[in-house]
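Student: Here is my input, please return the structure:
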Amino acid sequence: MMILLSMKKVSKYFGEVCLFDELNFSIEDNHKVGLVGVNGAGKTSLFKLVTGEMKADSGDIYINSSADIGYMKQNIEYDSDKTLWQELISAFSEQIQIEEELENIRKLLDSGDNVKELIKKQDNLMQRYDILGGFEYKSRAKGALIGLGFKERDFDRPFKNLSGGEKTRLLLGRLLLSKHKLLLLDEPTNHLDMNSIIWLESFLKNYNGAFIVISHDRYFLDKTTNMTMGLQNGRIQTYTGSYSDFMKKRDADKSAVEKKFELQKKEISRIEGIIAKQKQWNRERNIKTAESKQKIIDRIKEEMVAPDDDPDTIKFSFNTKEGGANEVLAIQGLSKSFGNKKILENSDLLIKKGERVFLLGDNGCGKTTLLKIILGELSPDKGIVKIGSAIAIGYYEQQHRSLDGNKTVFDEIYDSYPELDRTKIRNALASVLFKNDDCFKLIKDLSGGEKARILLLKLMLSSANFLILDEPTNHLDIFSKEMLEKALKEYKGTLLVVSHDRYFIDSTADKIYDLKDHTLHLYNGNYTYYLDKAVSEPPTEVATDKKQNNDYKEQKELQSKIRKAENQVKRTEEEIEVKEQRLKELDKLLFSEEGQDIEKAMKWHNESEELEKELEELYASWEETQGILSQLK
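Tutor: Residues are numbered from 1 along each chain as shown. Just a heads-up that it's a prediction; the model follows:
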């Protein structure tokens, strides 16, 4: 096997803060690597070392001369006047160039000059074209676009008019089709729905090259990787196998290190007791024995390896009120449309006490609309929605709009739960990693992940016996997701969850409703069961001849909603532009002479990380609003 990339004793500091401490690893041409670690561990910074955007302070980075690297960033800084289709097929530049040369040869052949020479050149070009897959590259490109969630009607759209998420998907497709020997993929599933993620998994499993992928999607990692690198405390642990294999081996190794460390401490303590006794007797023979025993202690101490400190983890715990009806939520014959756009048609749903129910469906199919009907924020066109008696609902909404941006973190909790004293609030905030001055940050200054933790804390304090959660894992790193899953499995109440996180669904769900073709389809099991049944027994479309109500009043309401959505899109775009511009300014500052100032560099680095998290949230908000706008129109 050929080594494409290696790092030996690579270290990187921001001022006195160590980001990487003598990293050692190598990537071969058959490696498909998952790079995992908590938010802020330095995963993206590691990619920047490989691409040269960031320089190491010490150590060696080796990149094979034949290892052309393709890099997919989280945040795209690229624009173009080309159409979506033109931008994608630029990945096949050599095939396109051969087509142009063949066309020129055909024109020259018509003149009758140098026929033999031209035919020979034509044959050589055709052979090369065939080797490059020239006869099927357009169908491959089309398949990639459709796999990534685009429709054929989108192919002629100008690239510059695409949303941030659409640009990311398109450039991901172009990168994958470019056949780089080594891909660096930073959260490639962020803007993909479940069908597109499944397509990407299939593509990467069959990819004839190596890749390193940063992802918090554990199911995706298990499906695509054969090696896992865990980045923690500035060091890397490398394991053969998928993410699940990595977790088992890492936990076993950690347990072995902890056990050995404790045994070594006990042995040192035992020998120190012997030394103390020998010194009490204070004879020449005793002194020599004490010195000999001290050498044993020194040798043990040299060999001792202290276990790594675990990163701070969230301590989720959801209490629940006693009582509540056995039928928590019952829906019968539910229908809902926005103008001519049908969302739900004659749908039924039943959730009983203690059930953990997940709601699946493609982006824009109406899952959030259904939640809003259940919560009473929208009225159905037809049907019955019944919440059981003594049911207290706690709602997690993925865009975090219920938080007051002008309040501090502390006041957000205090105003919601004034019966709690300051100590209890501070302890509660510490459980979700808000400590010391972090408690007095303004909500509007928080990242998406920090806002998610505040909303989840409010749910923990609510003691609601029916939790409705809309994409609760979106802004959480892998380890926080695992803590949330554990807490929800221990929760004694009832769950209704919208999620694209298949690992989360598989480990938590005991019942799934799939919203497909405007109708809810029930599967009595987890995600593995759902996959098996959905493939073998695909749901049939429910026919309907119900007429749409398009009276004047409804049209007026619809136009008002469209205007609001359009204004929201515009505001979000403006905010994205401001933050992207600031991010560019920070990149320049970090690599300027001023960036040599340790305090300034750390400040700018931290601001960059916060901006990247905020932009991720804004892109998601933009896409959601565009989806709503598309439904309304």
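Student: Pick out the least confidently modelled helix or strand of the chain, by mean pLDDT.
Tutor: In the chain, no helix or strand scores lower on mean pLDDT, DSSP states H and E than helix 598-632, which sits at a mean of 72.
Student: For Leu359, which non-adjacent residue is spatially closest?
Tutor: Closest residue to Leu359 apart from its sequence neighbours, by CB to CB, 6 or more residues apart in numbering: Val498 at 4.8 Å. All C-beta atoms are positioned from the backbone trio N, CA, C, and that covers glycine.
Student: thought the one you found was touching Asn474?
Tutor: No. Contact criterion CB atoms under 8 Å: Val498 and Asn474 do not qualify, at 10.3 Å.
Student: what do the two both touch?
Tutor: Contact criterion CB atoms under 8 Å, 6 or more residues apart in numbering; residues shared by Val498 and Asn474: Gln398.
Student: related to what we said a few turns ago, pull the number of nearby residues for the residue nearest to Leu359.
Tutor: Val498 has 20 neighbours, counted by other CB atoms under 10 Å.
Student: what do you get for Lys260?
Tutor: Lys260 - counted by other CB under 10 Å - has 14 other residues nearby.
Student: how about the nearest residue to it, chain neighbours excluded?
Tutor: The shortest distance from Lys260 to any non-neighbouring residue, by CB to CB, 6+ apart, is to Val305 (7.7 Å).
Student: again, but for Gln237
Tutor: Nearest non-adjacent residue to Gln237 (CB to CB, 6+ apart): Gly230, at 4.6 Å.
Student: so what's that neighbour bridging to?
Tutor: Beta bridges link Gly230 to Val36, Gln237, judged by DSSP bridges.
Student: any idea how far it lies from Gly42?
Tutor: Applying CB to CB, to the nearest Å, the value for Gly230 to Gly42 is 12 Å.
Student: same question, Ile351
Tutor: From Ile351 across to Gly42, the span is 42 Å (CB to CB).
Student: Next: Leu446.
Tutor: Using CB to CB, one gets 21 Å for the distance from Leu446 to Gly42.
Student: And for Asn326, the neighbour number?
Tutor: Close neighbours of Asn326, defined as other CB under 10 Å, add up to 9.
Student: Next: Lys82.
Tutor: Count around Lys82 with other CB under 10 Å applied: 14.
Student: so what's the residue nearest the centre of the chain closest to, chain neighbours aside?
Tutor: Per CA atoms, centre = their mean, the C-alpha nearest to the average position across the chain is that of His216, at 4.6 Å. Nearest non-adjacent residue to His216, counting by CB to CB, 6+ apart: Ile478, 5.1 Å away.
Student: quick one: that neighbour and Phe220 touch, right?
Tutor: No. Using CB under 8 Å, Ile478 makes no contact with Phe220, being 11.3 Å away.
Student: ok, the two, which is more surrounded?
Tutor: Between Ile478 and Phe220, counting by other CB under 10 Å, Phe220 is the more crowded of the two (24 against 21).
Student: tell me the pLDDT at the closest residue to the more buried one other than its chain neighbours?
Tutor: For Phe220, ignoring the flanking residues on the chain, the nearest one in space by CB to CB, 6+ apart is Thr189 at 5.7 Å. The model reports Thr189 with a pLDDT of 87.
Student: likewise the one 10 residues further on?
Tutor: Confidence per residue is given as pLDDT, and for Trp199 that number is 87.
Student: Name the nearest residue to it, ignoring sequence neighbours.
Tutor: Gly147 (3.4 Å).
Student: From Glu117, how far out is that neighbour?
Tutor: Applying CB to CB, the value for Gly147 to Glu117 is 43 Å.
Student: Between those two, point out the one with more neighbours.
Tutor: Taking other CB under 10 Å, Gly147 and Glu117 do not tie; Gly147 has more neighbours (19 against 11).
Student: Contact partners for that one?
Tutor: For Gly147, the contacting residues are Gly173, Ser196, Trp199, Leu200, Phe203, by CB under 8 Å, 6+ apart.
Student: Let me know whether the residue nearest to Gln237 touches Val33 as I believe.
Tutor: No. Gly230 is beyond contact range of Val33, at 11.0 Å (criterion: CB under 8 Å).
Student: Which one of those two is surrounded by more residues?
Tutor: Taking other CB under 10 Å, Gly230 and Val33 do not tie; Val33 has more neighbours (24 against 20).
Student: Regarding that one, which helix or strand does it belong to?
Tutor: Taking DSSP states H and E as the definition, Val33 sits inside strand 32-36.
Student: got it, and Tyr13?
Tutor: Element membership of Tyr13, judged by DSSP H and E, is strand 3-14.
Student: Same question for stretch 209-226: list its buried residues.
Tutor: Neighbour-count burial for stretch 209-226, counted by 16 or more other CB atoms under 10 Å, picks out 209-225.
Student: low-scoring pLDDT stretches of the stretch 451-600 of the chain, where are they?
Tutor: 535-558, 590-591, 595-596, 598 (pLDDT under 70).
Student: at 80 what do you get?
Tutor: Scanning the stretch 451-600 of the chain for pLDDT under 80 picks out 534-567, 569, 573, 576-577, 580, 583-584, 586-600.
Student: still on that earlier bit, and the residue nearest to the centre of the chain, what does it touch?
Tutor: The neighbours of His216, taking CB under 8 Å, 6+ apart as the test, are Val36, Glu187, Thr473, Leu476, Asp477, Ile478, Lys481.
Student: Please repeat the previous calculation with a cut-off of 7 Å.
Tutor: Asp477, Ile478, Lys481 (CB atoms under 7 Å, 6 or more residues apart in numbering).
Student: swap in Tyr71?
Tutor: Phe47, Thr51, Leu184.
Student: Show me what it is bridged to.
Tutor: Tyr71 has these beta-bridge partners by DSSP bridges: Leu184.
Student: In space, what's closest to Leu403 - neighbours in sequence excluded?
Tutor: In this structure, Leu403 finds its nearest non-sequential neighbour in Ile443, 5.0 Å apart by CB to CB, 6+ apart.
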